[in-house]
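**Student:** return a 3D structure for these sequence lines:
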Amino acid sequence: MKSAKTTPKWLLFSAPIALLTLFGGGGMAWWHGITAPPSNDPNAKSISIQIKPGSTVQAIGQELEAKGVIKSQLAWKLWTSWQAKQGKGSPQKGSYEVAPNQPLSAVAAQILEGKVILSGFTIREGWNIKQMGEYFEKQNLFKAADFVAATKEIPKDKFPWLPDGLPHLEGFLFPETYKVPSEAITPKGVVTQMLEQFEQVALPEHQKATVTNKLSLLEWVSLSSIVEKEAVIAIERPKIAGVFTTRLAKKMRLESDPTVEYGLGIKQTADRPLTFAEVKRPNPYNTYMNAGIPPGPIASPGIGSLKAVLNPDSTDLLFFVAKYDGTHIFSKTLSEHVAATQAIRQQRQSSAK
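**Tutor:** Residues are numbered from 1 along each chain as shown. Okay, the predicted model is just below:
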């Protein structure tokens, strides 16, 4: 004999249509009542639920009923069974915000379609790994040290285009505002998101330019990262890229301050510029001491700087100096550059008086 609690097979097979068909108006009234929102309050607060991998339909229904999101786990079971037979899928894992002022069908649709809670984070152009880690920690997402550790794991299996021999993922963590499922906000999770974005947005630019571009992927990202750190306004990016491209062609050192700062782990300001001793201190990234492009990126370049390096201005300019208003003075000769530097320094000293 069947237990009184056992749901008839015919009901599961065709519910809730069977209820409406066999019981007519009474069945329809029952179904509307049992699937109606538990709350009529339009301002009812949403309730968080976490659906873990392997959670059964029954267990999910029990939790939804216990938290007051639906009126009946039986109705939940009937409806989701019917949706599954209609090819609407099954409950998706993840974190959800569901409201008790929604009908059961709306709650089910949200969970069956995987409309999980999305969390946001923003990585700014020109940030390096250290700055990203500090940002994540300030946002109380996870420890900076855990993020830095995650960037030292090079997932060549998933991203085979990553250059060989990378010590870390500096430069390849694409700067963007991200909206991802809350459960993906982990050190490894955000690293994966940023690499996927680089793969989708940046990598194709290099691949389609390989015929005319002689820079390897690592060289391209490395030089673009220097342009990113030097340029403040977008209009100057191709010009700065042109200066560096011309210097490389003439076998001149790049002589970029941000490379010295990165190598030494310091940051200069208008009131505290780099010292001569710092500029002369050897390190692999010091482009005053070393010829060519540094061994790796010094930050994450945005798409503007990446494109600028692929399409630099054709120029005979060889020098530029910051005016501390976001723009630069560009020069063709060293004497012009020295004069421009002195003029900016004198102007700053005068304004400080």
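
**Student:** tell me where the model's unsure across the stretch 51-200 of the chain.
**Tutor:** Of all residues in the stretch 51-200 of the chain, none has pLDDT under 70.

**Student:** just the helices in it please.
**Tutor:** Assigned by DSSP state H, counting those that start in this stretch, the helices in the stretch 51-200 of the chain fall at 57-66, 73-85, 104-112, 129-138, 144-151, 187-197.

**Student:** tell me who's in contact with the nearest residue to residue 284 once chain neighbours are set aside.
**Tutor:** Of all residues not flanking residue 284 in the chain, residue 295 sits nearest, at 5.2 Å (C-beta to C-beta, 6 or more residues apart in numbering). In short, each C-beta sits where N, CA and C put it, glycine included. Going by C-beta atoms under 8 Å, 6 or more residues apart in numbering, residue 295 touches 222, 284, 285.

**Student:** that's a strand at residue 330, yeah?
**Tutor:** Yes: assessed by DSSP: H, G, I helix; E, B strand; the rest coil, residue 330 belongs to a strand.

**Student:** that one: how many residues sit nearby?
**Tutor:** By other C-beta atoms under 10 Å, 19 other residues sit near residue 330.

**Student:** for the closest residue to residue 215 other than its chain neighbours, give me phi and psi.
**Tutor:** Nearest residue to residue 215, sequence neighbours excluded (C-beta to C-beta, 6+ apart): residue 223, at 6.7 Å. Dihedral angles of residue 223 (phi, psi; degrees, to the nearest 10) stand at phi -70, psi -40.

**Student:** and residue 223, how many neighbours?
**Tutor:** 27.

**Student:** same question for residue 345.
**Tutor:** With other C-beta under 10 Å as criterion, residue 345 counts 12.

**Student:** distance of the closest residue in space to residue 316 that isn't next to it in sequence from residue 320?
**Tutor:** Nearest in space to residue 316, with sequence neighbours left out and distances taken as C-beta to C-beta, 6+ apart, is residue 332 at 5.7 Å. Plainly put, residue 332 is 11 Å away from residue 320 if you go by C-beta to C-beta, to the nearest Å.

**Student:** give me the more crowded residue out of the two.
**Tutor:** Set residue 332 next to residue 320 and count neighbours by other C-beta under 10 Å: residue 320 wins out with 21 against 12.

**Student:** for that one, give the beta-bridge partners.
**Tutor:** Under the criterion DSSP bridges, residue 320 forms beta bridges with residue 330.

**Student:** isn't it right up against residue 242?
**Tutor:** No: in terms of C-beta atoms under 8 Å, residue 320 does not count as a neighbour of residue 242; the distance is 10.2 Å.

**Student:** name the residues contacting each of the two.
**Tutor:** By C-beta under 8 Å, 6+ apart, no residue touches both residue 320 and residue 242.

**Student:** surely residue 291 and residue 255 touch.
**Tutor:** No: applying C-beta under 8 Å as the test, residue 291 and residue 255 come out as separate, 10.4 Å apart.

**Student:** higher neighbour count, those two?
**Tutor:** Between residue 291 and residue 255, residue 255 has the larger neighbour count (other C-beta under 10 Å), namely 16 against 11.
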